[in-house]
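J.: Below: sequence and its predicted model.
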Amino acid sequence: MKLLIVGKPGAGKGTQASMIDSYYHIPHISTGAIFREAINDKTELGVIAKSYIDKGNLVPDEITIGLVEERLLKDDCKHSFLLDGFPRNEAQAEALDEFLVKHNLKLDCVLNVDVPDDILIKRIVGRRVCSNCGETYNLTFNPPKRADLCDKCSGKLLHRSDDKEDTFKNRLFVYEENTAPLIEYYQNKGILKSINGDQPLDEVFGDIKDILSKLED
Ligand code: AP5
Ligand code: MG
Ligand code: ZN
């Protein structure tokens with residue numbers, strides 16, 4: 001299956017993508033996670049990405065599109081992939097379409113995780129991310145078994161530098177301006193499926209499984 005997961009910042013894209021990856025063994029490609037890893041490793045990409053991410057702005061398309069295409073050409077993406085956080089504007093969506101046509105590939109479904117704005121900020125404030133493997137937790141809604149340590153790899157859990165209230169507000173604004181129009185873009189292609197993301201994690205995942213099981217038929 002070739003899938004996209006879209007939604008506002010904090011909607012639960014990464015959380016659900018990780019559950020989809022574990023259950024269906026579909027490579028989960030998060031552009032945000034790729035940038036955060038580069039920032040941690042202090043690479044050239046990381047230094048550039050940080051200057052945009054810390055303000056809640058988009059990293060320029062020239063950087064992001066090439067990076068995703070390079071990742072999609074790896075062997076593990078031949079039959080399936082799940083893109084989380086890309087595309088994020090019309091230029092990226094068009095570049096992805098061109099890439100797919102060129103490689104004779106087709107998206108099966110775009111999962112849109114829908115959550116009201118007032119819930120998002122509560123999720124962001126309590127979010128903790130593993131500094132080693134990127135797994136996401138929430139102090140209130142999805143706590144780790146041991147305080148500040150990842151259940152999966154025992155890595156240290158950190159607060160994301162772009163999870164400050166002001167930066168979050170700008171991310172939401174950037175979403176409305178740039179990413180929201182993609183809902184209609186994929187609706188027009190007939191592949192958009194919206195899910196109520198304002199439910200417990202497992203129930204959101206249950207709805208996603210229902211959608212994906214119909215695609216598998
Ligand atoms: P990115 O990392 O993609 O951030 P985002 O879109 O703002 O989304 P988040 O990761 O904040 O939220 P999420 O939907 O994944 O929610 P999560 O599952 O963590 O991008 C970061 C930055 O990188 C961007 O601002 C930009 O600068 C740059 N960037 C990335 N991609 C780019 C691109 N294509 N082009 C240009 N720039 C790009 O969940 C949130 C919290 O809620 C967690 O604590 C979780 O445990 C909890 N939670 C999840 N689901 C539930 C639930 N059902 N009930 C209760 N709690 C829940
Ligand atoms: Mg995420
Ligand atoms: Zn971890």
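T.: Thanks, I have it. Ligands and ions are numbered 1, 2, ... in the order given.

J.: Now do Ser161, the pLDDT please.
T.: For Ser161, the model assigns a pLDDT of 88.

J.: What is the neighbour count of it?
T.: Neighbours of Ser161 under the rule other CB atoms under 10 Å: 12. For glycine as for every other residue, the C-beta is placed from the backbone atoms N, C-alpha and C.

J.: same thing with Ala180?
T.: 11.

J.: Kindly report the residues of this structure close to ligand 1.
T.: 7, 9-15, 31-32, 35, 52-53, 56-59, 64, 85-86, 88, 92, 123, 126-127, 136-138, 141-142, 162, 171, 197, 199-201, 204 (CB under 6 Å from any ligand atom).

J.: let's see it at 5 Å
T.: 9-15, 31-32, 52-53, 58-59, 64, 85-86, 88, 123, 127, 136, 138, 141-142, 171, 201, 204 (CB under 5 Å from any ligand atom).

J.: Which entries within the residues you listed meet the buried criterion?
T.: Listed as buried from these are 9-15, 31-32, 52-53, 58-59, 64, 85-86, 88, 123, 127, 136, 138, 142, 171, 204; burial here means 16 or more other CB atoms under 10 Å.

J.: Tell me which of these fall in helices.
T.: 13-15, 31-32, 52-53, 64, 123, 171, 204 (DSSP state H).

J.: Strands of this protein, residue ranges please.
T.: Using DSSP state E, the strands of the chain run over 2-7, 28-30, 81-84, 109-114, 127-130, 136-138, 157-158, 192-196.

J.: Give the pairing partners of the first one; include direction for each.
T.: As defined by DSSP bridges, the strand partners of strand 2-7 come to strand 81-84 (parallel), strand 109-114 (parallel).

J.: To ligand 3, which of the ones you listed lies closest?
T.: Ligand 3 sits nearest to strand 81-84 of all the strands paired with strand 2-7, at 16.9 Å, using CB to the ion.

J.: starting at the chain centroid, how far to the closest one?
T.: Strand 81-84 has its C-alpha centroid displaced from the chain centroid by 8 Å (CA atoms, centre = their mean, to the nearest Å).

J.: Mean confidence (pLDDT) on it, please.
T.: Averaged over strand 81-84, pLDDT sits at 98.

J.: Please apply the same query to stretch 141-149.
T.: Across stretch 141-149, the average pLDDT comes to 94.

J.: got a list of contacts for it?
T.: For stretch 141-149, contacts defined as CB atoms under 8 Å, 6 or more residues apart in numbering pick out 15, 123, 126, 128, 136-137, 150-151, 155-157, 201.

J.: Just list whatever residues bridge to the residue most central in space within the chain.
T.: Geometric centre of the chain, nearest residue: Asp84, 2.9 Å, by CA atoms, centre = their mean. Assessed by DSSP bridges, Asp84 has beta-bridge partners Ile5, Ser30.

J.: Give me the distance between it and Ile29.
T.: Distance, Asp84 to Ile29, using CB to CB, to the nearest Å: 7 Å.

J.: coming back round to it: farthest-separated two in the ones in helices among the buried ones among the residues of the chain next to ligand 1?
T.: Largest separation among these by CB to CB: Tyr52 and Val204, giving 28.8 Å.
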